[in-house]
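[1] The amino acid sequence is not available; the structure is as follows:
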């Protein structure tokens, strides 16, 4: 993954340099490229408690910087270095009760490519644990559905997470898959596979480093 | 108490008719081609204006069908569903929309709208009539897709009939049917015992697909001719089933195993007084009492008891008068009252029975202007205490073009009243996320109270739209062309379309502070089912016949189709990226196969030897909306199409002894996930002993 990410990082760095130069003039919206992140572990299941029969995990979020396209160490959880945090099917933004940044989000129903400009009347929600989250938590309410019959999580098609990052910039995210390798397991897969191979995010995102609401 | 009653009912007839004398057979059966369900009066099949299928006792026996499910699954245009027992889907409409009658009286006891047809044993059934198309103009609520009427007859031919069958998975079925007759009294008593072991078609799974079941059933019918013009018929039916339960509920990775038992009991008593004033006028008073009780008792592994009770009472008084106005015009007028009540653990109090009353009147006029044409118009009005009244009109015609061609055309409106669950459910599922479902009769009050206690997080707009439910309506049109070139060949081709509106659907109306969903019911859905059916039968020789049938079916939710056309429904492309769903990818309502076909060979000779082989095909059907876009499309989970082949051979000797052997599902087709009721290949053997001469009192 790192191999693929390098050119993007370079591009991002370049573009931010570019923008820092032209910042005070008219805002020129450079077209942003979509980046795909694969197999991002999000508090994966470590095993099953022999006594309760419940799966257990480390209980730690995976912090991610959209700006740098990189995982942020957990030691920096109290910083504005991360934009999204993942644990299981829960996604946090760096703001409100979750972080010290300016983060927020809303869920847009439609296609990723159709989010060209965030309209000014869009309302970004912020995390307000435990009552509500910017990226709404729960089956059918936010970005996924959970099927009780098959115990599988499927990201909803046509959902775009419109994100305000920790530094107040904008990004759009589409969750593509929740399973290792980017392919949802067949319904006939074993229960142990369904547990051990879940909580691996594949998503694509576009980050607008210039602070504008246009992608 | 129940068993004492049963004992009494079994013993009494034997005491009454202990002086049994054998006489020669004087009673002739009416021709099997007489239909009662289509018009609520006896009509020759060739004079009926609506599409009707008749299954006679001989076909039931020759395929070795034990339960109603066994025979219905082999009928063109019907398919079986497997959630909440085996229900029947008629021309794409769910089990809720077909009324099941026994001798014209409705069976009650539906779970989630499904009446488990395995409850009905077929040992004493004379025939089954299936009417396709809305028939509420005669039968009221539930007769929206059609009517299935199971007819038993006390004046049946065979005086004593017993059978014993043994099959795979220790399936035992024992039946005894005896009839007694004098010039004025006819009695039929039927007893059935059925049991089967558990079987698992998922070897790696601890949970059994079918759990051990025991069923007993009895049916007693007495007909007394007071004089040539007056008779009394009293029928009583009792069934009890005990099903072992081993449940495993998984929620959020937590699995709870429970063990227990399910006991379902139903009985009904139907009495009628029938009087003929003249050849032109007859009337019938009927009373019907029925009760269904389902009790599930479970104990979880940790010892927590759980009881779930559903108790449904349905009482009806009815009169029907048939009047032959003149040679060309006949009329039926009728009316009645229903008192109904349900108690359930899933309502606010399981001790208080929720009740409902319904009064209705119906009339039907049949006009035969000439020998080629029959026109029927009918209408029924149902007035109800708890939901809006319903009018159900229907018009139909039969046109006999010539001896070989017939056209039947019918247009009717059917309805289904909101059921007790939709009105009174008060259920919070602690096992799965603590969501709640409230029936509309109480939703606003209950949720209002919760709100004043500060437990409600959000209320959606549709919460404020909750009001008393309307019945669901369907308008159905059926056009049938029948072609009978000669006695050995017949064909029929039928086009059908049903448009359903006001569908009652579960909708989320709000959420608790905890985020758990709150649901209620709203009249929102609009759907359609449409297609065609083709049937052909060819008599190859005296002994051999072949028949085939095919159904093409399209279904859809009209609102979902509109959303897809608007481009607001999404799916994913091969790379997993979202895109808009195309209308061509929409597959309609779940559990419906586009193609269904069957091919049957039948042999039967004069020496009592018979055999048949039946092949049934069903194309793939959508089972699960895996991609979560709320519509069923090409990207969802489907059950694979399959072929089941069944075989049965037997011989009936003239001395009354008969043998039968059969093999069901010869190809051993198994789909544990989607067809839990289809075990692999099974075998059975049956021994029959019958006394063909009649007993006389």
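    Happy to help now that I have it. The structure presented is a predicted model; accordingly, all values stated were derived computationally and were not measured.
[2] give me the number of residues near the residue nearest to residue B:684 when sequence neighbours are not counted?
    Leaving aside its sequence neighbours, residue B:684 sits nearest to residue B:167 (C-beta to C-beta, 6 or more residues apart in numbering or on different chains; 3.3 Å). All C-beta atoms are positioned from the backbone trio N, CA, C, and that covers glycine. By other C-beta atoms under 10 Å in any protein chain shown, 20 other residues sit near residue B:167.
[3] which residues touch residue B:167?
    Shown in contact with residue B:167 (C-beta atoms under 8 Å, 6 or more residues apart in numbering or on different chains): B:173, B:682, B:683, B:684, B:685.
[4] What about the residue in chain A that chain B sits nearest to, how many residues nearby?
    Closest residue of chain A to chain B, C-beta to the nearest C-beta: residue A:158 (2.7 Å). Applying other C-beta under 10 Å, we find 23 residues neighbouring residue A:158.
[5] which residues sit in contact with it?
    Contacts for residue A:158 (C-beta under 8 Å, 6+ apart) come out as A:109, A:110, A:111, B:568, B:569, B:570, B:578, B:580, B:629.
[6] what pLDDT does the residue nearest to residue B:471 when sequence neighbours are not counted get?
    Nearest-residue entry for residue B:471: residue B:415, 4.2 Å, with adjacent residues in sequence omitted and distances by C-beta to C-beta, 6+ apart. For residue B:415, the model assigns a pLDDT of 95.
[7] I'd guessed residue B:415 sits against residue B:472; true?
    Yes: using C-beta atoms under 8 Å, residue B:415 is in contact with residue B:472, at 6.4 Å.
[8] Now the common contact residues for the two.
    Shared contacts of residue B:415 and residue B:472, defined by C-beta under 8 Å, 6+ apart, are found at residue B:144.
[9] For the helix or strand harbouring residue B:284, list every residue counted as buried.
    Per DSSP states H and E: residue B:284 is located in strand B:281-300. Neighbour counts over strand B:281-300 (16 or more other C-beta atoms under 10 Å in any protein chain shown) mark B:282-294, B:296-298, B:300 as buried.
[10] so what's the residue nearest the centre of chain A up against?
    Most central in chain A under C-alpha atoms, centre = their mean is residue A:84, positioned 5.3 Å from the mean C-alpha point. Residues in contact with residue A:84 (C-beta under 8 Å, 6+ apart) are A:63, A:64, A:66, A:91, A:92, A:93, A:94, A:163, A:173.
[11] Turn those residues into TSV, including pLDDT.
    Output for the contacts of residue A:84, formatted as TSV (pLDDT from 0 to 100):
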residue	pLDDT
A:63	97
A:64	97
A:66	96
A:91	96
A:92	96
A:93	96
A:94	96
A:163	96
A:173	97
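[12] Show the buried residues in these.
    For those, a neighbour count by 16+ other C-beta under 10 Å gives the buried set as A:63, A:64, A:66, A:91, A:92, A:93, A:94, A:163, A:173.
[13] so which pair among the residues you listed is furthest apart in space?
    Greatest spatial distance in those: A:63 and A:173, 14.7 Å, computed using C-beta to C-beta.
[14] Could you confirm whether stretch A:101-121 reaches chain B?
    Yes: legend: contact between stretch A:101-121 and chain B by C-beta under 8 Å from any C-beta of the partner chain is shown at A:109, A:110, A:111, A:112.
[15] Could I get the average pLDDT for that stretch?
    What stretch A:101-121 shows for mean pLDDT is 94.
[16] mind checking how far that stretch is from the chain centre?
    Distance of stretch A:101-121 from the chain centroid (C-alpha atoms, centre = their mean, to the nearest Å) equals 13 Å.
[17] What residues of that stretch count as buried?
    Neighbour count says stretch A:101-121 has A:101, A:102, A:103, A:104, A:105, A:106, A:107, A:108, A:111, A:112, A:115, A:118 buried, by 16+ other C-beta under 10 Å.
[18] I'd assumed the first one was in a helix, is it?
    Spelled out, that is residue A:101. No: looking at residue A:101 with DSSP: H, G, I helix; E, B strand; the rest coil, it is coil, so not inside a helix.
[19] tell me the secondary structure for the closest residue to it other than its chain neighbours?
    Residue nearest to residue A:101 in three dimensions, not counting chain neighbours: residue A:166, with 2.8 Å by C-beta to C-beta, 6+ apart. Secondary structure for residue A:166, judged by three-state DSSP, is coil.
[20] Check the gap between residue A:166 and residue A:206 for me.
    17 Å (C-beta to C-beta, to the nearest Å).
[21] centroid residue for chain B?
    Nearest to the mean C-alpha position of chain B, by C-alpha atoms, centre = their mean, lies residue B:100 at 4.5 Å.
[22] buried stuff in the strand or helix carrying residue B:616?
    Here residue B:616, judged by DSSP H and E, is contained in strand B:609-618. By 16+ other C-beta under 10 Å, the buried positions in strand B:609-618 come out as B:610, B:611, B:612, B:613, B:614, B:615, B:616, B:617, B:618.
[23] who touches the spatially closest residue to residue A:129 that is not a sequence neighbour in this structure?
    Spatial nearest neighbour of residue A:129, excluding adjacent residues (C-beta to C-beta, 6+ apart): residue A:97 at 4.3 Å. With contact set as C-beta under 8 Å, 6+ apart, residue A:97 has these partners: A:126, A:127, A:128, A:129.
[24] For those, give me JSON lines that also has secondary structure.
    Below are the contacts of residue A:97 laid out as JSON lines (three-state DSSP):
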{"residue": "A:126", "secondary structure": "coil"}
{"residue": "A:127", "secondary structure": "coil"}
{"residue": "A:128", "secondary structure": "strand"}
{"residue": "A:129", "secondary structure": "coil"}
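[25] Return the item of those residues having minimum pLDDT.
    Among the contacts of residue A:97, pLDDT bottoms out at residue A:129, giving 86.
[26] Rank the helices and strands of chain A by mean pLDDT and give me the bottom one.
    Within chain A, confidence by mean pLDDT, DSSP states H and E is lowest for helix A:2-22 among all helices and strands, at a mean of 47.
[27] The helix or strand following it pairs with which strands, parallel or anti?
    On the C-terminal side of helix A:2-22, the closest following helix or strand by DSSP H and E is strand A:35-41. Sheet pairing for strand A:35-41, assigned by DSSP bridges, gives strand A:198-208 (antiparallel).
[28] where's the residue located most distally from the centre of chain A relative to residue A:195, distance?
    Residue farthest from the centre of chain A, counting by C-alpha atoms, centre = their mean, is residue A:51 at 33.5 Å. According to C-beta to C-beta, residue A:51 and residue A:195 sit 17 Å apart.
[29] do residue B:107 as well
    As judged by C-beta to C-beta, residue B:107 and residue A:195 stand 44 Å apart.
[30] returning to that earlier point: show me the contacts of residue A:84 that map onto strands.
    Those of the contacts of residue A:84 mapping onto strands are A:63, A:64, A:91, A:92, A:93, A:163, A:173, per DSSP state E.
[31] The residue in chain B that chain A sits nearest to pairs with what?
    In chain B, the residue that lies nearest chain A is residue B:570 (2.7 Å; C-beta to the nearest C-beta). Counting by DSSP bridges, residue B:570 is bridged to residue B:580.
[32] Pull the number of nearby residues for it.
    23.
[33] any idea of the pLDDT on it?
    Reported pLDDT at residue B:570 in the predicted model: 94.
[34] which ones are touching the closest residue in space to residue B:160 that isn't next to it in sequence?
    The shortest distance from residue B:160 to any non-neighbouring residue, by C-beta to C-beta, 6+ apart, is to residue B:691 (4.0 Å). Neighbouring residues of residue B:691 by C-beta under 8 Å, 6+ apart: B:158, B:159, B:160, B:161, B:656.
[35] ok, 7 Å please
    Residues near residue B:691 by C-beta atoms under 7 Å, 6 or more residues apart in numbering or on different chains: B:159, B:160, B:656.
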